[in-house]
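Novice: no sequence on this one, just coordinates:
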Ligand code: PMP
């Protein structure tokens, strides 16, 4: 190519860029007008079915221009899809500015913070049925390991993936527990499961990529996706369907820029455990397309009864990531320790982010976790299961609709009224904190999540009674 020809190309790219910039500004203006209109009409910001239409129109135009189909996309499709996601994100940002509430929907954490304020500033006694933080203690070995750490000199920096003894212990434990072949190189120790989720998503997802979640869902998946510039395609599960996602819905949500599917079973907030045949189907959809499957399995020690539970790690799929934590299983929330199990390339990504952010997980905490690996924590699961029975029996008497939790620590109930307003009134007037359903997805505004983690049976009954008296004996 001659210099003249290069000059012509540069002029052309300049013209196209200016044209795109003008269109971009015009689109932002329209988006702003739409945002104002939606606010006036009392509508939410995101409308997934509308996004779906737009996606169909854009990909349809792309296929007309470049050929290809959904099953066999043209190479241009992934770029077009990423660009569209970028535009959709822009719209969300612009429209959120009209509200000031784009990110501010009430969640279990905002209720927890409000409850804490009432306790600290007004000296009130709150019944905590909002957070998944156990009130029981970690194994005794944890206290010993923490206090011995100092004398043993475990007070220095460690490697970013975790101390070798802990990696070995987790690999051995994980291989047995998860039915997988796990080596120490398949593990990254992280400050809680939350960081493992964040680091896996941040290192594997980029702007315009898509991630499929099953709603209702723990809100951090959406927040982590937004942080990575990725777009969430939420597949809806329903109470009527026992909170099971449909394989077809997941298949339909897969597009040219889908990079990850997140599965969280036992589930927060519904307590559902994924049916094995559905899990097989989802793993097949994902592996056909090389899509990452992030299994947030931090409630795996809280499976009730004889429900079969399976780790994503057990499939031997190289793009599966299992996230585990000591927070719930061993009641070690404040120690902040969890881990990811995955192929070396994923572990490297997580470790480099961890190294960048915090060098290593604190050495004494890793020793505490080491002492706890493999200890029998079934008593914790029994405690939670009994408490869930108590909550469920009260909820049943009140005529609430819910699916019997099969695991985790929560009961997710339809209350027939706005859950956020209910949670607010229940806290301020009756001193009981519950989590509003809206925190887990736009479609769950008339739900609340009731946690069995923090209070004993008597206090749970008291909390449920106060809820009942507030609802006037019924829930309409
Ligand atoms: N995943 C889910 C589904 C959760 O509910 C939580 C905490 N509530 C976490 C991950 C993170 O837990 P941690 O960081 O304490 O391990």
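Specialist: Done, it's in. Just so we're clear, the structure is a prediction, and the values are computed from it rather than from any experiment.
Novice: Poorly predicted segments of the stretch 201-350 of the chain, please.
Specialist: Within the stretch 201-350 of the chain, no range satisfies pLDDT under 70.
Novice: Strands along the stretch 101-250 of the chain, start to end?
Specialist: 127-129, 187-190, 210-215, 231-236 (DSSP state E, counting those that start in this stretch).
Novice: Of those strands, which is nearest the ligand?
Specialist: strand 187-190 (8.3 Å; Cβ to the nearest ligand atom). From N, CA and C alone the C-beta is placed, and that goes for glycine too.
Novice: Which single residue of the stretch 1-150 of the chain ends up nearest the ligand?
Specialist: Closest approach between the stretch 1-150 of the chain and the ligand, counting by Cβ to the nearest ligand atom: residue 132, at 4.4 Å.
Novice: try the stretch 351-476 of the chain
Specialist: Closest point on the stretch 351-476 of the chain to the ligand, by Cβ to the nearest ligand atom, is residue 408, at 7.8 Å.
Novice: Give me the pLDDT for that residue.
Specialist: The score at residue 408 is 98. That number is its pLDDT.
Novice: same deal with residue 475?
Specialist: 46.
Novice: what about the helices in the stretch 301-450 of the chain?
Specialist: Along the stretch 301-450 of the chain, counting by DSSP state H, counting those that start in this stretch, helices occupy 326-329, 344-358, 363-372, 378-397, 419-430.
Novice: from these, which stretch is densest packed?
Specialist: Of all those, helix 326-329 carries the top mean neighbour count, a mean of 25, counting by mean count of other Cβ atoms under 10 Å.
Novice: wait, does that helix contact the ligand?
Specialist: Yes - using Cβ under 6 Å from any ligand atom, helix 326-329 comes into contact with the ligand via residue 327.
Novice: if we can go back for a sec, dihedrals phi and psi, the residue of the stretch 1-150 of the chain closest to the ligand?
Specialist: Per-residue torsions, residue 132: phi -100, psi 50 (degrees, to the nearest 10).
Novice: What about it, how many residues nearby?
Specialist: 25 (other Cβ atoms under 10 Å).
Novice: who are the neighbours in contact with it?
Specialist: Neighbouring residues of residue 132 by Cβ atoms under 8 Å, 6 or more residues apart in numbering: 108, 268, 328, 408-410, 451, 453.
Novice: dump the residue contacts of the residue of the stretch 101-250 of the chain found nearest the ligand.
Specialist: Relative to the ligand, the nearest point of the stretch 101-250 of the chain is residue 192 (2.7 Å; Cβ to the nearest ligand atom). By Cβ under 8 Å, 6+ apart, the contact list for residue 192 reads 325, 327, 333, 336-338.
Novice: From residue 169, how far off is it?
Specialist: Per Cβ to Cβ, to the nearest Å, residue 192 is found 18 Å from residue 169.
Novice: Likewise for residue 1?
Specialist: Residue 1 is 59 Å from residue 169, by Cβ to Cβ.
Novice: For residue 214, give me its contacts.
Specialist: The contact partners of residue 214, by Cβ under 8 Å, 6+ apart, come to 234-237, 245, 250, 262-264.
Novice: what about the helices in the stretch 151-300 of the chain?
Specialist: Counting by DSSP H, counting those that start in this stretch, the helices of the stretch 151-300 of the chain are 164-177, 192-204, 220-227, 247-253, 276-289.
Novice: Which secondary structure elements does the fourth one sit against?
Specialist: With contacts defined as 3 or more Cβ pairs under 8 Å, 6 or more residues apart in numbering; DSSP states H and E, helix 247-253 has these neighbours: strand 210-215, strand 231-236, helix 276-289.
Novice: Enumerate the positions of it that are buried.
Specialist: Within helix 247-253, the residues scored as buried using 16 or more other Cβ atoms under 10 Å are 247, 250-251, 253.
Novice: Let me have these in CSV, adding distance to residue 213 as columns.
Specialist: Output for the buried residues of helix 247-253, formatted as CSV (distance: Cβ to Cβ, whole Å):
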residue, distance to residue 213
247, 15
250, 10
251, 15
253, 9
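Novice: how about a markdown table for those, with distance to the ligand added?
Specialist: Below are those laid out as a markdown table (distance: Cβ to the nearest ligand atom, whole Å):
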| residue | distance to the ligand |
| --- | --- |
| 247 | 22 |
| 250 | 18 |
| 251 | 24 |
| 253 | 20 |
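Novice: Pick out whichever of these sits closest to residue 72.
Specialist: Of all the buried residues of helix 247-253, residue 72 sits closest to residue 251, with 15.3 Å by Cβ to Cβ.
Novice: Can you give me the neighbour number for the nearest residue to the closest one once chain neighbours are set aside?
Specialist: Excluding its sequence neighbours, the residue lying closest to residue 251 (Cβ to Cβ, 6 or more residues apart in numbering) is residue 285, at 5.2 Å. Residues lying near residue 285 (other Cβ under 10 Å) number 21.
Novice: Tell me which residues touch residue 285, please.
Specialist: With Cβ under 8 Å, 6+ apart, residue 285 has these contacts: 247, 250-251, 254, 261, 291.
Novice: Among the buried residues of helix 247-253, find me the one that's closest to residue 185.
Specialist: For the buried residues of helix 247-253, the nearest to residue 185 is residue 250 (30.1 Å; Cβ to Cβ).
Novice: For the stretch 51-200 of the chain, which residues are neighbours of the ligand?
Specialist: So the stretch 51-200 of the chain meets the ligand at 132, 192-194 (Cβ under 6 Å from any ligand atom).
Novice: rewinding a little: what's the burial count for the residue of the stretch 351-476 of the chain closest to the ligand?
Specialist: Applying other Cβ under 10 Å, I find that residue 408 has 30 neighbouring residues.
Novice: Return the residues in contact with it.
Specialist: 132, 266-271, 299, 302 are the contacts of residue 408 under Cβ under 8 Å, 6+ apart.
Novice: re earlier: roughly how far apart are the residue nearest to residue 251 and residue 129?
Specialist: 36 Å.
Novice: now do residue 36
Specialist: Taking Cβ to Cβ, one finds residue 36 at 38 Å from residue 129.
Novice: More neighbours: these two, which one.
Specialist: Ranked by neighbour count (other Cβ under 10 Å), residue 36 and residue 129 place residue 129 first, with 31 against 12.
Novice: Show me the beta-bridge partners of that one.
Specialist: residue 434 (DSSP bridges).
Novice: That one reaches residue 450, doesn't it?
Specialist: Yes - with contact defined as Cβ atoms under 8 Å, residue 129 reaches residue 450; the gap is 5.0 Å.
Novice: Now do the shared contacts for the two.
Specialist: In contact with both residue 129 and residue 450: 391, 434, 463, using Cβ under 8 Å, 6+ apart.
Novice: Disregarding flanking residues, what is the spatial nearest neighbour of the first one?
Specialist: Nearest in space to residue 391, with sequence neighbours left out and distances taken as Cβ to Cβ, 6+ apart, is residue 411 at 5.0 Å.
Novice: Contact partners for that neighbour?
Specialist: Residue 411 neighbours (Cβ under 8 Å, 6+ apart): 271, 388, 391-392, 395, 402, 405, 449-450, 452.
Novice: That one bridge partners, please.
Specialist: residue 450.
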